[in-house]
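>>> Pasted the sequence and its predicted model underneath.
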Amino acid sequence: MGYNHNNPQNRAKAASMLRQLKVQLVDVTGAQVEARSNLFAASEAYWQLSKAAGVHLYQEGGGWHADLEFKRLPPGVPRIVGTPEPVPTRAEAVESVVEMMSMCAQRDGITPPDPKTGLRWFRFDDHEVPVDPEMLEHFASRVSVVAFDAAHIKKELDLLRADIAGDAPVTAEAWAAADFQLRYDACRMCCAAMAFGIMQVSYDPQADLEPVSASAFGMH
């Protein structure tokens, strides 16, 4: 089993690590981050150091990872941002996350955009689906009373994938070729997924739902 960000012990260690690393911030004046996805570009302004909850450092996949976790973010904004690929040493992972924290600290004095405006984005295989923020707010407000859960959403997205792309991943071309009603239904289900904290699904039948992660800092 992979690293569990929600494990209470891991969260406690992450909170402690955040406190330790806050005194190691570096000057990142002039540094720029390449946003390689709409999801990242639409979320970056909300990732402020004042909203950081912890730093997760762990070994997995042949190397070290460093993930910065946030709290009190609007629906549809990933609460974990991490290294794009594992790095060979713990020191490199720490260096990466300190740079990440330093960039987030620069945003603390800037008011983030109104989450009720601007699209959110859901990664459906190889395609990013636009999600209306008002629809997302509505779905998020009903999470506690709806009769379905994340597993149900995954099954529905699997069915929609088959309708859109057959036995293949959803791509921009397959999405564009689908009829309007099918795309609308998919948008609604992507919106429901985001309300449950799921930001992406993968065509890989063995892949787990990723409830919290953004594309990695670096960035995808």
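Ah, there it is. The structure presented is a predicted model; accordingly, all values stated were derived computationally and were not measured. Residues are numbered from 1 along each chain as shown.
>>> in the helix or strand hosting residue 138, what's buried?
Per DSSP states H and E, residue 138 falls inside helix 133-141. Across helix 133-141, burial judged by 16 or more other CB atoms under 10 Å covers 133, 135, 136, 137, 139, 140. (C-beta placed from N, C-alpha, C; glycine too.)
>>> from the chain's centre, how far out does stretch 69-81 sit?
Offset of stretch 69-81 from its chain centre (CA atoms, centre = their mean, to the nearest Å): 7 Å.
>>> can you check stretch 52-69 too?
14 Å.
>>> With stretch 15-28 instead?
On the basis of CA atoms, centre = their mean, stretch 15-28 sits 22 Å off its chain's mean C-alpha point.
>>> could I get the host helix or strand of residue 153 in PDB with only the CA atoms?
Using DSSP H and E, residue 153 sits in helix 150-165. Extracted C-alpha coordinates of helix 150-165, given in PDB (Å, rounded to 0.1, in the frame of the first residue of the first chain):
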ATOM      1  CA  ALA A 150     -16.800   7.900  -4.400                       C
ATOM      2  CA  ALA A 151     -17.000   4.300  -5.500                       C
ATOM      3  CA  HIS A 152     -20.300   5.000  -7.200                       C
ATOM      4  CA  ILE A 153     -18.800   8.000  -9.000                       C
ATOM      5  CA  LYS A 154     -15.900   5.900 -10.200                       C
ATOM      6  CA  LYS A 155     -18.300   3.400 -11.700                       C
ATOM      7  CA  GLU A 156     -20.300   6.100 -13.400                       C
ATOM      8  CA  LEU A 157     -17.200   7.700 -14.900                       C
ATOM      9  CA  ASP A 158     -16.100   4.200 -16.200                       C
ATOM     10  CA  LEU A 159     -19.500   4.000 -18.000                       C
ATOM     11  CA  LEU A 160     -19.100   7.500 -19.400                       C
ATOM     12  CA  ARG A 161     -15.600   6.700 -20.600                       C
ATOM     13  CA  ALA A 162     -16.900   3.700 -22.500                       C
ATOM     14  CA  ASP A 163     -19.600   5.800 -24.100                       C
ATOM     15  CA  ILE A 164     -17.100   8.600 -25.000                       C
ATOM     16  CA  ALA A 165     -14.000   6.600 -26.000                       C
END
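>>> same for it, what does it pack against?
On a contact count with 3 or more CB pairs under 8 Å, 6 or more residues apart in numbering; DSSP states H and E, helix 150-165 meets helix 172-177, helix 180-195.
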